[in-house]
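Q: Okay, here's the prediction I keep looking at, along with the sequence it came from:
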Amino acid sequence: MSNTNLLIQNNLTMLTDFYEITMSNGFFCTGNGDRTVYFDMFFRTVPDKGGVAILAGIQQVIDYIKNLKFTEEDIAYLRDKKLFNEQFLDYLRHFKFCCDVWAIPEGTPIFPYEPLVTVRGPAIQAQFIETMLLLLVNHQSLIATKANRIVRAAQGRPVMEFGSRRAQGCDGAIYGARASYIAGCCGTACTISDREFGIPALGTMAHSWVQLFDTEYEAFKAYASIYPDNCTLLVDTFNVLKSGIPNAIKVFNEVLVPNGHRPKGIRIDSGDITYLSKKARKMLDDAGFPDCKITASNSLDEYTIQDMIRQGACVDSFGVGERMITASSAPVFGGVYKLAAVEQDGVIVPRIKVSENVAKITNPGFKKVWRLFDKENGKAIADVITLHDEVIDESQPYELFDPDHIWKRKIVSNFRAVQLQVQLFDKGECVYQSPSVEEIRTYCMAQMDTMWDEVLRFENPHKYYVDLSQPLWDQKNLLLLKHGFDS
């Protein structure tokens, strides 16, 4: 695996919304630049009207923060804008990140409104990282969430990520492959993601391989000769049942079997794959190749795969491209980054954003997020957002209540309470030992197993509750009243 960090091959410090810089200059000029503030990143809606999302992209946030610096080229660019205080530019020249950062680990199932990332530190620094933090977490969380839906639809059959050529740019392909692997895909067609992250690179041939030879038979024979232990043949260039499968069987018998090899599989990339796979399976079985696997590709998603399986498709694995790598059915993960508190004379003072759109009202203050697990079956009961100094005592019954409909209450006992966030940075120093992508993937699969099937439904999933503790709800309610929001 390469030690190269893709995020630092180019200076991405200036990949930011311009208002991050104008606000930072303003904070500096008004004496607020070093004021300690608290920001939360959270999201409001699960894509595809799903019941659960998956967090990804935290490692890239760590890499970005570790290498955050302003070059002389950056300073010269800003000076040319003729908007910024020279002392502020000198501050940027000597910029050193010194915030505290907490985050929920990658691969964790996540839900709306809970703090995914919390940043505490000087206003200039905490504000400046907003754009990249959102970019990195929103993108990979979106792809991981979509990929996991597709993986679940496949019901244990391997799913390969095939989307690089349809991704939105280079980073979309590279980090999309990473996110899809975390969420359960078995590998990727994106070679550089194998080099950088150790994600298995998969793939055999395109239609052009078959077209280049004078006959389909010659194309298959050449490929089988070169790759006898990894022979998967693409059989739909001309006619799957009349040409592709018969020629594949002929080559298996003439090239592989006499030399002690077995075919790995065939791939069907067009047509009515459910029908074709059933016919292909019988032809392969009758020819003595019941171990030859059938892979399907071609504009698949969770609903197509689900229908194919219901209709009895004889498909052993799926290659999914554009609809996964672009999350085309819901291509936005709406994570936001909002100020939650400021410090005044060492005291944390909560801040709230109020809106007539109730969904945009924020949860104020410095907070923790907990997940309660049933000790008997290991399933997640609910998440609870508390103030930072609260502790949920597992030895005592705990009352949950819906923060929007507070009469909906439930007392739980015999539970395990787990704080979800871990600390990434302490005063700018990274204190987190990052797991490997393989470890994140394993963790993700285990955490998804703690979710109830009803929460994982594609259609009308059961709502998983993210509740507020009573002290946090009281604090929020007081701030709403203070700002005249009394209805």
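A: Alright, I've got the coordinates. Remember, predicted model here, so these are calculated numbers, not experimental data.
Q: Ser243 contacts Phe220, doesn't it?
A: No - counting by C-beta atoms under 8 Å, Phe220 is not a contact partner of Ser243; they are 10.4 Å apart. In short, each C-beta sits where N, CA and C put it, glycine included.
Q: tell me the domain boundaries of the protein?
A: 6-143+332-365+419-460, 147-325 (automatic domain parsing).
Q: deepest of the ones you listed, which one?
A: domain 147-325 (a mean of 19; mean count of other C-beta atoms under 10 Å).
Q: avg pLDDT for it?
A: The average pLDDT for domain 147-325 rounds to 97.
Q: what's stretch 144-157 in contact with?
A: By C-beta atoms under 8 Å, 6 or more residues apart in numbering, the surrounding residues in contact with stretch 144-157 are 46-48, 50, 52-56, 107, 159, 161, 179-180, 182-185, 300-303, 305-306, 309, 315-318, 320, 323-324, 327, 329-330, 333, 444, 448, 456, 458.
Q: Show me these that map onto strands.
A: Secondary structure from DSSP state E places 53-54, 159, 161, 317-318, 320 of the contacts of stretch 144-157 in strands.
Q: Put together TSV for these, with distance to Thr30 on each row.
A: Output for the ones in strands among the contacts of stretch 144-157, formatted as TSV (distance: C-beta to C-beta, whole Å):
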residue	distance to Thr30
Ala53	37
Ile54	40
Val159	52
Glu161	48
Ser317	59
Phe318	56
Val320	51
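Q: And those, which two are furthest apart?
A: Ala53 and Ser317 (25.0 Å; C-beta to C-beta).
Q: Distance from the chain centre to stretch 89-97, please.
A: Relative to its chain's centre, stretch 89-97 lies at 32 Å (C-alpha atoms, centre = their mean, to the nearest Å).
Q: Please apply the same query to stretch 305-322.
A: For stretch 305-322, the distance to the chain centre is 23 Å (C-alpha atoms, centre = their mean).
Q: What is the end-to-end distance of that stretch?
A: Length of stretch 305-322, first residue to last, C-alpha to C-alpha, to the nearest Å: 14 Å.
Q: Other residues contacting that stretch?
A: For stretch 305-322, using C-beta under 8 Å, 6+ apart, the contacting residues are 150, 153-155, 157-163, 165-166, 185-186, 189, 265, 267, 273-274, 277-278, 280-281, 293-297, 299-301, 328, 458.
Q: what are the ranges of the helices in the stretch 51-200 of the chain?
A: Assigned by DSSP state H, counting those that start in this stretch, the stretch 51-200 of the chain shows helices spanning 58-66, 72-80, 86-93, 123-128, 130-153, 170-182, 191-197.
Q: how many other residues sit next to Arg371?
A: By other C-beta atoms under 10 Å, 23 other residues sit near Arg371.
Q: Can you classify it by secondary structure?
A: strand (DSSP: H, G, I helix; E, B strand; the rest coil).
Q: ok, now which ones touch it?
A: Arg371 sits in contact with 380, 382-383, 417-418, 420, where contact means C-beta under 8 Å, 6+ apart.
Q: Look at it and report its pLDDT.
A: Residue-level pLDDT assigned to Arg371 equals 98.
Q: Which strand residues bridge it?
A: Judged by DSSP bridges, the bridge partners of Arg371 are Asp383, Val418.
Q: The chain should start at 668 in everything you say after this.
A: From this message on, residue numbering opens at 668, which makes the last subject Arg1038.
Q: From Asn692, how far off is it?
A: Distance of Arg1038 to Asn692, given as C-beta to C-beta, to the nearest Å: 40 Å.
Q: repeat for Pro772
A: Distance from Pro772 to Asn692, by C-beta to C-beta: 35 Å.
Q: ditto for Ala1007
A: 23 Å.
Q: Surely Ile841 and Cys857 touch.
A: Yes - here Ile841 reaches Cys857: they are 6.4 Å apart, a contact under C-beta under 8 Å.
Q: residues contacting the nearest residue to Asp715 once chain neighbours are set aside?
A: Excluding the flanking residues, the one nearest Asp715 by C-beta to C-beta, 6 or more residues apart in numbering is Ala997, at 4.5 Å. Taking C-beta under 8 Å, 6+ apart, we find Ala997 in contact with 714-716, 809, 813.
Q: neighbours around the nearest residue in space to Thr1117 that is not next to it in sequence, how many?
A: In space, and not counting its chain neighbours, Thr1117 is closest to Ala1047: 4.8 Å by C-beta to C-beta, 6+ apart. For Ala1047, the tally of surrounding residues (other C-beta under 10 Å) stands at 21.
Q: Equivalent analysis for Phe1033, please.
A: 18.
Q: tell me the pLDDT at the residue nearest to it when sequence neighbours are not counted?
A: Once flanking residues are discounted, Phe1033 sits nearest to His1055: 4.3 Å by C-beta to C-beta, 6+ apart. Looking at His1055, its pLDDT is 97.
Q: likewise Asp715?
A: 97.
Q: ok, it - contacts?
A: By C-beta under 8 Å, 6+ apart, Asp715 lies in contact with 812-813, 816, 996-997, 1125.
Q: State the pLDDT value of Pro1102.
A: 97.
Q: where does the residue of the chain lying at maximal distance from its centre land in three-state SS?
A: Distance from the centre of the chain peaks at Pro925, with 45.9 Å (C-alpha atoms, centre = their mean). Counting by three-state DSSP, the backbone at Pro925 sits in helix.
Q: So it versus Ala915, what's the distance?
A: 16 Å.
Q: Tyr1065 too?
A: Distance, Tyr1065 to Ala915, using C-beta to C-beta: 60 Å.
Q: next one: Glu1096
A: 58 Å.
Q: Likewise for Gly1002?
A: In terms of C-beta to C-beta, Gly1002 sits 46 Å off from Ala915.
Q: quick one: the helices in the stretch 1018-1154 of the chain?
A: Using DSSP H, counting those that start in this stretch, helices in the stretch 1018-1154 of the chain cover 1104-1115, 1120-1123, 1137-1149.
Q: Please convert these to a markdown table, extending it with distance to Asn897.
A: Listed next are these as a markdown table, based on distance: least, C-beta to C-beta, whole Å:
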| stretch | distance to Asn897 |
| --- | --- |
| helix 1104-1115 | 22 |
| helix 1120-1123 | 34 |
| helix 1137-1149 | 56 |
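Q: Between these, which one is closest to Tyr780.
A: helix 1137-1149 (11.5 Å).
Q: Return the residues in contact with the closest residue to Lys1077 other than its chain neighbours.
A: Setting aside the residues directly before and after it, Lys1077 is nearest to Leu1067 in space (C-beta to C-beta, 6+ apart), at 4.9 Å. With contact set as C-beta under 8 Å, 6+ apart, Leu1067 has these partners: 1039, 1048-1049, 1051, 1076-1079, 1132, 1134.
Q: For the residues you listed, which single residue is the most surrounded?
A: Neighbour-wise, these (other C-beta under 10 Å) top out at Asp1134, 25 neighbours.
Q: which residues sit in contact with that one?
A: 1049-1052, 1067-1070 are the contacts of Asp1134 under C-beta under 8 Å, 6+ apart.
Q: and which of these is nearest Asp1060?
A: Val1051 (12.3 Å).
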